[in-house]
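I would like the atomic coordinates for the input below:
(chains A and B)
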Amino acid sequence: DAMVIQNPRYQVTQFGKPVTLSCSQTLNHNVMYWYQQKSSQAPKLLFHYYDKDFNNEADTPDNFQSRRPNTSFCFLDIRSPGLGDAAMYLCATSRDMRDRGNNEQFFGPGTRLTVL
Amino acid sequence: AQSVTQPDIHITVSEGASLELRCNYSYGATPYLFWYVQSPGQGLQLLLKYFSGDTLVQGIKGFEAEFKRSQSSFNLRKPSVHWSDAAEYFCAVGARVNNDMRFGAGTRLTVKP
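Here you go, the predicted structure:
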């Protein structure tokens, strides 16, 4: 089945130690998104890629970076995690939302990040 | 930019009762509208979506939603709730000119036996 895969599902890191979260997709969608979701809150968009074009949200801290080496993979790098970065990180994909048609976002299961 | 308001943080209904979850959006044109459901520790699953055409949209698991332009609303309904419907529900609005989608704060649904 076509899907969005996130690895690992649970990640524990130490304060200040860089961490990378991984997302892959078999849907061949050209847009990939990273959201941060804290407990009992809505997902907050960090950034998205339209193909190789990177679109950062204005309020995303510089501590968060992303890479998309090819259509299938996208990575979220947290350079120096703080206690406030503990959250669920959700990856999603879609076709170009500006096109007509079936343009919903498909979500992965998320990675739960714990910062010690 | 578009925005979404879900006025109800938490709703409790009895199993078998009807359900309506409210969603109001702000956007200058006709938006894309979505309802997603999230079980604890899981990702988001799409229940239904509105792009154009019929304003009453049918989704999975017996859910439906109605787009009312005059009220800027997209309320989610289900005639008879099942215990397995207990989850967090998010309304989202997408623009037609970019790839941004904004989520409401969510409504947590509790189902009483």
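
CA atoms for contacts and neighbours, from now on please.
OK.

name the element the nearest residue to A:Thr20 once chain neighbours are set aside belongs to?
In space, and not counting its chain neighbours, A:Thr20 is closest to A:Asp77: 4.5 Å by Cα to Cα, 6 or more residues apart in numbering or on different chains. Secondary structure from DSSP states H and E places A:Asp77 in strand A:73-78.

Would you map the strands across chain B?
Here chain B has its strands, by DSSP state E, at B:3-5, B:10-14, B:19-21, B:24-26, B:32-38, B:44-50, B:56-58, B:64-68, B:73-78, B:87-94, B:101-103, B:107-112.

now these in JSON lines, with mean neighbour count?
As requested, the strands of chain B are exported to JSON lines (neighbours: other Cα atoms under 10 Å in any protein chain shown):
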{"stretch": "strand B:3-5", "mean neighbour count": "19"}
{"stretch": "strand B:10-14", "mean neighbour count": "15"}
{"stretch": "strand B:19-21", "mean neighbour count": "19"}
{"stretch": "strand B:24-26", "mean neighbour count": "19"}
{"stretch": "strand B:32-38", "mean neighbour count": "22"}
{"stretch": "strand B:44-50", "mean neighbour count": "21"}
{"stretch": "strand B:56-58", "mean neighbour count": "16"}
{"stretch": "strand B:64-68", "mean neighbour count": "20"}
{"stretch": "strand B:73-78", "mean neighbour count": "21"}
{"stretch": "strand B:87-94", "mean neighbour count": "26"}
{"stretch": "strand B:101-103", "mean neighbour count": "23"}
{"stretch": "strand B:107-112", "mean neighbour count": "19"}
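
Flag the shaky bits of chain B, pLDDT-wise.
Chain B contains no residues with pLDDT under 70.

Closest approach to chain A from it, which residue is it?
Across chain B, no residue is closer to chain A than B:Gly43, which sits at 4.1 Å (Cα to the nearest Cα).

Measure how buried the residue lying closest to that residue once chain neighbours are set aside is and give me the count.
Nearest non-adjacent residue to B:Gly43, counting by Cα to Cα, 6+ apart: A:Pro109, 4.1 Å away. As a burial measure, A:Pro109 scores 21 neighbours (other Cα atoms under 10 Å in any protein chain shown).

Please name the residues that touch A:Pro109.
A:Pro109 sits next to A:Val4, A:Ile5, A:Gln6, A:Arg9, A:Leu90, B:Gly41, B:Gln42, B:Gly43, B:Leu44 when contact means Cα atoms under 8 Å, 6 or more residues apart in numbering or on different chains.

What separation do you get for it and A:Lys52?
Noted for A:Pro109: a distance of 23 Å to A:Lys52, by Cα to Cα, to the nearest Å.

Over to B:Ile9?
37 Å.

roughly how far apart are the residue nearest to B:Lys68 when sequence neighbours are not counted and B:Tyr27?
Of all residues not flanking B:Lys68 in the chain, B:Phe74 sits nearest, at 6.4 Å (Cα to Cα, 6+ apart). Using Cα to Cα, we find B:Phe74 at a distance of 13 Å from B:Tyr27.

what does B:Val37 give?
Counting by Cα to Cα, the separation of B:Val37 from B:Tyr27 is 22 Å.
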